[in-house]
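Enquirer: for reference, the sequence and a predicted model appear below.
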Amino acid sequence: MAVEIERKFLVRNNSWQGQGKETEIRQGYLSRDIERTVRVRTMGQKAFLTIKGRNQGAARAEFEYEIPCGDALFMLQEMALKPVLEKTRTVIEFAGHTWEVDRFFGDNAGLVTAEVELSSEDEPVELPDWVGREVTGVVRYYNSALSERSYSAWSEKEKAGD
């Protein structure tokens, strides 16, 4: 079984820009159930179907399969729960870890998050200076939650972290 272990943070400044490779992503959810999410995603010229289990701290089961782009585009248009998320992902190598910075658009514009995948939950990780508050496990920052209640609908208190 594949297990994903990742920590998620807010990005506090723009000094990460220009450091890595950018890829445009569109993703939609076929299921947003708390026990499992089923996501379809296009990343550049590739497409994937991903099934994720319930979070257990920073870990959860994850299965990802490449699918034909035409199938993914059909699923995003005709089958995915709306809205479909749009973001640009920048992959940055820092201190022995790969960081993924997601800058959201549309109804989630203004939100920028950074994730780092780890081999264990207690693996030490050095944080880049552009990484801010940790939001691992805060449900409203899950992509599936953002597709249900977008960042633009959050109160200022929620955006501030309260």
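Expert: It's in.
Enquirer: can you tell me the closest non-neighbouring residue to the residue minimising distance to the centre of the chain?
Expert: Nearest residue to the geometric centre of the chain (C-alpha atoms, centre = their mean): Asn143, 5.3 Å. In this structure, Asn143 finds its nearest non-sequential neighbour in Leu85, 6.0 Å apart by C-beta to C-beta, 6 or more residues apart in numbering. In short, each C-beta sits where N, CA and C put it, glycine included.
Enquirer: okay, now that neighbour: neighbour count?
Expert: With neighbours defined by other C-beta atoms under 10 Å, the count for Leu85 comes to 24.
Enquirer: I'd guess it is in a helix, am I close?
Expert: No: counting by DSSP: H, G, I helix; E, B strand; the rest coil, Leu85 is not found in a helix; it is strand.
Enquirer: circling back to that earlier point, ok, the residue nearest to the centre of the chain touching Val84?
Expert: No: under the criterion of C-beta atoms under 8 Å, Asn143 is not in contact with Val84, lying 11.0 Å apart.
Enquirer: what is in contact with those two at once?
Expert: Common contacts of Asn143 and Val84, defined by C-beta atoms under 8 Å, 6 or more residues apart in numbering, comprise Gln27.
Enquirer: and what about Ile89, helix, strand or coil?
Expert: Wrong residue type there; residue 89 is Arg, not Ile. strand.
Enquirer: quickly list what it is bridged to.
Expert: Thr23, Asp102 (DSSP bridges).
Enquirer: quick revisit: next one: the residue nearest to the centre of the chain from Val38, what distance?
Expert: 12 Å (C-beta to C-beta, to the nearest Å).
Enquirer: what of Leu146?
Expert: Taking C-beta to C-beta, one finds Leu146 at 16 Å from Val38.
Enquirer: from what I can see Gly53 touches Ala59, true?
Expert: No: applying C-beta under 8 Å, one finds Gly53 not in contact with Ala59, separated by 9.4 Å.
Enquirer: what bridges to the residue nearest to Asn143?
Expert: With DSSP bridges as the rule, Leu85 is bridged to Gln27.
Enquirer: who's in contact with it?
Expert: Taking C-beta under 8 Å, 6+ apart as the definition, contacts of Leu85 comprise Ile25, Arg26, Gln27, Gly28, Phe104, Gly106, Asn108, Asn143, Leu146, Ser147.
Enquirer: mind listing what the fourth one touches?
Expert: Under the criterion of C-beta under 8 Å, 6+ apart, the contact partners of Gly28 comprise Arg39, Val40, Arg41, Met75, Leu76, Met79, Ala80, Leu81, Lys82, Val84, Leu85, Ser147.
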